[in-house]
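**Student:** Sharing a sequence plus its predicted fold:
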Amino acid sequence: MFRFENINYLFLLFSVVPLLLIIWYFYKTNLKLMRKTADPELMQLMIPGFKKRSGLIKNIIIILLLIISIIALANPQWSNKRTKVKAQSSDIIIALDISQSMFSSDISPSRLEKTKKVIEELILKLKGNRIGLIFFAGEAFMKMPLSPDYAASVMFIKSASPYMIENQGTAIEESIKIAGNAIAKDDKNQKALIIFSDGEDHDGNAVEAAKNADGFTIFTVGVGTEEGGFIPYINQFGVENFKKDDEGKFVRTKVNNSLLEEIAENGKGYFFDITDKSLVKNIAEKLKKIEKREIIQRSFTDYNSQYEYFIFIVILLLILYLLFPEINRKKTSV
């Protein structure tokens, strides 16, 4: 198994690109200037042993020195030894409300965008656990089954949109049932469902579903304000407008915290508010109280550093740079 011990140093490689462009620019500029000043054959007569590409080759050596030095700093390591490692893990499903009311901007920049940022931060905080994703509006579906693939879960969260589901509403009850089907019933108190929603226009009996949830704890996060806000949408002409009811009045959406609190209470969990500045920390602390199962993972150990080989190459390139002449100083016969 190969890895870099200090992978952040590899970001320095981005500095090589502009350096390459600068070197190439000056090389071409000097070449044009040289051609205007004297013919290449005349330059050979004026300066015996002159090589027009010598400067470019030395600059290329500098670039290689920089690249290999950065790789050495990152300390490449290799391991062939795999051992069994015990780890503590829980299964956590995140249910995200993607109904149109989540477009409301009573919470800046909008309910949905604020929730996405919180969930992304939460996923990074929950590394070591398996994460699953459910998206819901008027209906619910499993977007990602339980998995330790945190990059994929963050990618799915970033792409979440109300346009993924045609039927509008807040199908919290269906989300709870889907979560129940995704979790093994034999592992008690090691699972959690976290619902992010404004709780408005909910369908079915979510409270009863939470009460009957078996094998997992339910947390809810209220997204929105009691004052509420209007629901924006883009009309057929590409112009932003606000949703209206049958009487032509603007629809104001408000968070239904009382429902979300009741769901959490019956699901033996906790209710949180999206505006809480310590929200991610508070959720993580509550999740720690959930009994975790012990799992055995096979992991690579005893990594051996390989940076010495790259240092050796750097030294060779440095010697080559110092010995490489821009002018061939061999004596010419008269």
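**Tutor:** Everything's here; your move. As the structure is a computational prediction, the values presented were derived from the model and not from experiment.
**Student:** CA atoms only: put stretch 193-203 into PDB for me.
**Tutor:** Extracted in PDB, the C-alpha atoms of stretch 193-203 (Å, rounded to 0.1, in the frame of the first residue of the first chain):
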ATOM      1  CA  LEU A 193     -31.500   8.700  11.600                       C
ATOM      2  CA  ILE A 194     -30.900  12.500  11.400                       C
ATOM      3  CA  ILE A 195     -33.800  14.400   9.600                       C
ATOM      4  CA  PHE A 196     -33.100  17.900   8.300                       C
ATOM      5  CA  SER A 197     -36.400  19.500   7.400                       C
ATOM      6  CA  ASP A 198     -38.700  22.500   7.800                       C
ATOM      7  CA  GLY A 199     -41.400  20.100   8.800                       C
ATOM      8  CA  GLU A 200     -44.000  22.000   6.800                       C
ATOM      9  CA  ASP A 201     -46.800  20.400   4.600                       C
ATOM     10  CA  HIS A 202     -45.900  17.000   6.000                       C
ATOM     11  CA  ASP A 203     -47.700  13.900   4.700                       C
END
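**Student:** what distance separates that stretch from the centre of its chain?
**Tutor:** 25 Å (C-alpha atoms, centre = their mean, to the nearest Å).
**Student:** got the contact list for Leu317?
**Tutor:** Listed by C-beta atoms under 8 Å, 6 or more residues apart in numbering, the contact set of Leu317 reads 61, 64-65, 68. Just so you know, the C-beta spots here come from the backbone N, C-alpha and C atoms, and that holds for glycine as well.
**Student:** wait, doesn't Asn59 sit right on Ile23?
**Tutor:** Yes - the criterion here is C-beta atoms under 8 Å, and Asn59 meets it with Ile23 at 4.6 Å.
**Student:** burial count for the closest residue to Ile234 other than its chain neighbours?
**Tutor:** Leaving aside its sequence neighbours, Ile234 sits nearest to Glu240 (C-beta to C-beta, 6 or more residues apart in numbering; 5.8 Å). By other C-beta atoms under 10 Å, 8 other residues sit near Glu240.
**Student:** immediately after the worst-scoring helix or strand of the chain on mean pLDDT, which helix or strand?
**Tutor:** Least confident helix or strand, the chain: strand 293-301 with a mean of 52, by mean pLDDT, DSSP states H and E. Toward the C-terminus, strand 293-301 is succeeded by strand 304-305 as the next helix or strand (DSSP states H and E).
**Student:** What pairs with that following strand, parallel or antiparallel?
**Tutor:** Strand 304-305 has its sheet partners listed here by DSSP bridges as strand 76-78 (antiparallel).
**Student:** and the partner strand, how far from the chain's centre?
**Tutor:** 24 Å.
**Student:** Identify the residues contacting Lys158.
**Tutor:** Counted by C-beta under 8 Å, 6+ apart, Lys158 has contacts 116, 120.
**Student:** Select the longest helix from this structure.
**Tutor:** Ranked by residue count and defined by DSSP state H, the top helix of the chain is helix 16-37.
**Student:** Now it - C-alpha only, CSV.
**Tutor:** Extracted in CSV, the C-alpha atoms of helix 16-37 (Å, rounded to 0.1, in the frame of the first residue of the first chain):
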residue,chain,number,x,y,z
VAL,A,16,5.3,24.4,-11.0
VAL,A,17,2.7,25.2,-13.8
PRO,A,18,3.1,29.0,-13.7
LEU,A,19,6.9,28.5,-13.4
LEU,A,20,6.9,26.4,-16.5
LEU,A,21,4.9,29.0,-18.4
ILE,A,22,7.3,31.8,-17.3
ILE,A,23,10.4,29.8,-18.4
TRP,A,24,8.9,28.9,-21.7
TYR,A,25,7.9,32.6,-22.3
PHE,A,26,11.4,33.9,-21.6
TYR,A,27,13.0,31.2,-23.7
LYS,A,28,10.9,32.1,-26.7
THR,A,29,11.4,35.8,-26.1
ASN,A,30,15.2,35.4,-25.9
LEU,A,31,15.2,33.2,-29.0
LYS,A,32,13.4,35.9,-31.0
LEU,A,33,15.7,38.6,-29.7
MET,A,34,18.7,36.4,-30.6
ARG,A,35,17.5,35.9,-34.1
LYS,A,36,17.0,39.6,-34.6
THR,A,37,20.5,40.3,-33.2
